[in-house]
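K.L.:
need a 3D model of the following:
(4 chains)
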2 protein chains.
Amino acid sequence: MGFVSRHAQISRAAVLGAGLAIADEKGLSAVTMQAVAGRLAVTPMALYRHVTNKTDLLDGLVELLLTEFPLPAADLPWQERLTRLADSIRASANGHPGVFPLLLQRPANTAAALRVRDAVHLALTDAGLDSEHVPRAERLLSTAVLGFAASEAAGRFAHHERAVLDADFTCLLQSLRLLVEAGADR
Amino acid sequence: MGFVSRHAQISRAAVLGAGLAIADEKGLSAVTMQAVAGRLAVTPMALYRHVTNKTDLLDGLVELLLTEFPLPAADLPWQERLTRLADSIRASANGHPGVFPLLLQRPANTAAALRVRDAVHLALTDAGLDSEHVPRAERLLSTAVLGFAASEAAGRFAHHERAVLDADFTCLLQSLRLLVEAGADR
DNA sequence: ACCTGAACACCGTTCAAGT
DNA sequence: ACCTGAACACCGTTCAAGT
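P.N.:
Sure, this is the predicted structure:
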């Protein structure tokens, strides 16, 4: 780990891995083509073989965040599934505070986003929501969780204690569960 | 409008105004010190007399967005006040999609943010919420509205029709109202 | 096919100098 | 007090060239 082979072996995964490591260590602004290349012991121009440009690189980092956690087992109760998913997303945000805020600025229909979305759709269906109401519920629920996680990661609540934010998040999840149950009864 | 006086008259307000105009016209990435200076018919270095650096300039733009709309009259019913506030914030997001997403990445305790926060606090108090529950409710409520508005502004839902997003927002506000009322009954 | 070297048009920011 | 000119250390990206 951190060791770089002599005759640089490069790949898209290696480029994204280096980019994520730099973002985690020094923040998003430190993720430059030159810094990523340097960490791979390669010239900046070498990156363009594996990434079409810097935006593509950042898109790749966001996709990485959305795929690093496992989806909850489908045989768990739906409440449990949604809670674990939300916890995973928050953990991902706090683990990668430099990159996570980008999530709110990209289309919600990328491959990695669909993976999560489908899991939420399934949980909401199992909760008893009409299929016509599921997509909207998923959008609002995901946006609430993402908005909180991104705010926390970006330091919007940096002036609050960690315990306060933990309680905030618990309260958020409980409220969302209540709303889903209310929607299912209708 | 757009006319620039001969012997450049510069001020912080002028700098922020030029920055916001550029962001609205060409996106956040077009907001460079050189572009802002150019619009004011001035050298880039002249800006540093009115803004400590680029971060300070961007902070100023965010503050601008949060102060451009009026707070709802205090004699309106609390539901009406929260709805109008949310509508104003969403309008600000859609009017300044380049800058708005930055809002989620800055501390929530700036002067302009406090102005809005206090209005929400008052509305929640008038709704009958215990004073000890008001701050958390404000945080979650604001984060939900900001998260939705930022997502929409950044194009996260760009693949959905406008009417769908309007209905999403209506649904979000109704859900939040229900939660506040449930919290007040407890 | 993959990487390099040299180059280009930009960035934000400094410093000393003008008025 | 406020603005300018020149300069610096960086950016992302191109193109032709090497292997």
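
K.L.:
quickly list the domain ranges of chain A.
P.N.:
Domain ranges of chain A: A:12-51, A:65-184, per automatic domain parsing.

K.L.:
can I get the ones you listed in TSV with mean pLDDT?
P.N.:
What follows is the domains of chain A, written out as TSV (pLDDT from 0 to 100):
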stretch	mean pLDDT
domain A:12-51	97
domain A:65-184	97
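
K.L.:
residue A:57 is nearest to which of those?
P.N.:
domain A:12-51 (4.7 Å; Cβ to Cβ). The C-beta positions use only the backbone N, C-alpha and C, and glycine is treated the same way.

K.L.:
anything in that closest one near DNA strand C?
P.N.:
Yes - applying Cβ under 7 Å from any atom of the strand, one finds domain A:12-51 in contact with DNA strand C at A:42, A:43, A:45, A:46, A:49, A:50.

K.L.:
phi and psi next, for the second one.
P.N.:
If I follow you right, that is residue A:43. Note on residue A:43: backbone dihedrals following degrees, to the nearest 10 are phi -80, psi 150.

K.L.:
who are the contact partners of it?
P.N.:
residue A:37 (Cβ atoms under 8 Å, 6 or more residues apart in numbering or on different chains).

K.L.:
hmm, back to that, neighbour-wise, which one of the residues of domain A:12-51 next to DNA strand C leads?
P.N.:
residue A:42 (19 neighbours; other Cβ atoms under 10 Å in any protein chain shown).

K.L.:
which of the helices or strands spans that residue?
P.N.:
Using DSSP states H and E, residue A:42 sits in no helix or strand.

K.L.:
so it touches residue A:10, yeah?
P.N.:
Yes - between residue A:42 and residue A:10 there is a contact at 6.0 Å, judged by Cβ atoms under 8 Å.

K.L.:
re earlier: would CSV of the domains of chain A with distance to residue B:176 be doable?
P.N.:
Listed next are the domains of chain A as CSV, based on distance: least, Cβ to Cβ, whole Å:
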stretch, distance to residue B:176
domain A:12-51, 31
domain A:65-184, 9
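
K.L.:
so which of the ones you listed comes closest to residue B:112?
P.N.:
Nearest to residue B:112, of these and by Cβ to Cβ, is domain A:65-184 at 13.6 Å.

K.L.:
that closest one near chain B anywhere?
P.N.:
Yes - Domain A:65-184 lies within reach of chain B by Cβ under 8 Å from any Cβ of the partner chain, at A:101, A:104-109, A:136, A:139-140, A:143-144, A:146-148, A:150-151, A:154-159, A:164, A:167-168, A:171-172, A:175, A:178-179, A:182.

K.L.:
of these, buried ones?
P.N.:
A:101, A:104-106, A:108, A:136, A:139-140, A:143-144, A:146-148, A:150-151, A:154, A:156-157, A:168, A:171-172, A:175, A:179 (16 or more other Cβ atoms under 10 Å in any protein chain shown).

K.L.:
now, which of these lie within helices?
P.N.:
A:136, A:139-140, A:143-144, A:146-148, A:150-151, A:154, A:168, A:171-172, A:175, A:179 (DSSP state H).

K.L.:
tell me the two of the residues you listed that are most distant?
P.N.:
A:136 and A:154 (26.3 Å).

K.L.:
what does chain A have sitting close to DNA strand C?
P.N.:
So chain A meets DNA strand C at A:8, A:9, A:10, A:42, A:43, A:45, A:46, A:49, A:50 (Cβ under 7 Å from any atom of the strand).

K.L.:
hmm, 6 Å instead?
P.N.:
Residues of chain A found near DNA strand C (Cβ under 6 Å from any atom of the strand) are A:8, A:10, A:42, A:43, A:45, A:46, A:49.

K.L.:
as a markdown table, those residues with distance to DNA strand D and secondary structure would be great.
P.N.:
A markdown table is the format used below for those (distance: Cβ to the nearest atom of the strand, whole Å; DSSP: H, G, I helix; E, B strand; the rest coil):
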| residue | distance to DNA strand D | secondary structure |
| --- | --- | --- |
| A:8 | 12 | coil |
| A:10 | 13 | coil |
| A:42 | 12 | coil |
| A:43 | 8 | coil |
| A:45 | 4 | helix |
| A:46 | 9 | helix |
| A:49 | 10 | helix |
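
K.L.:
what would these look like in JSON lines with distance to residue B:126?
P.N.:
Shown next, in JSON lines, are those (distance: Cβ to Cβ, whole Å):
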{"residue": "A:8", "distance to residue B:126": "64"}
{"residue": "A:10", "distance to residue B:126": "61"}
{"residue": "A:42", "distance to residue B:126": "61"}
{"residue": "A:43", "distance to residue B:126": "63"}
{"residue": "A:45", "distance to residue B:126": "61"}
{"residue": "A:46", "distance to residue B:126": "61"}
{"residue": "A:49", "distance to residue B:126": "61"}
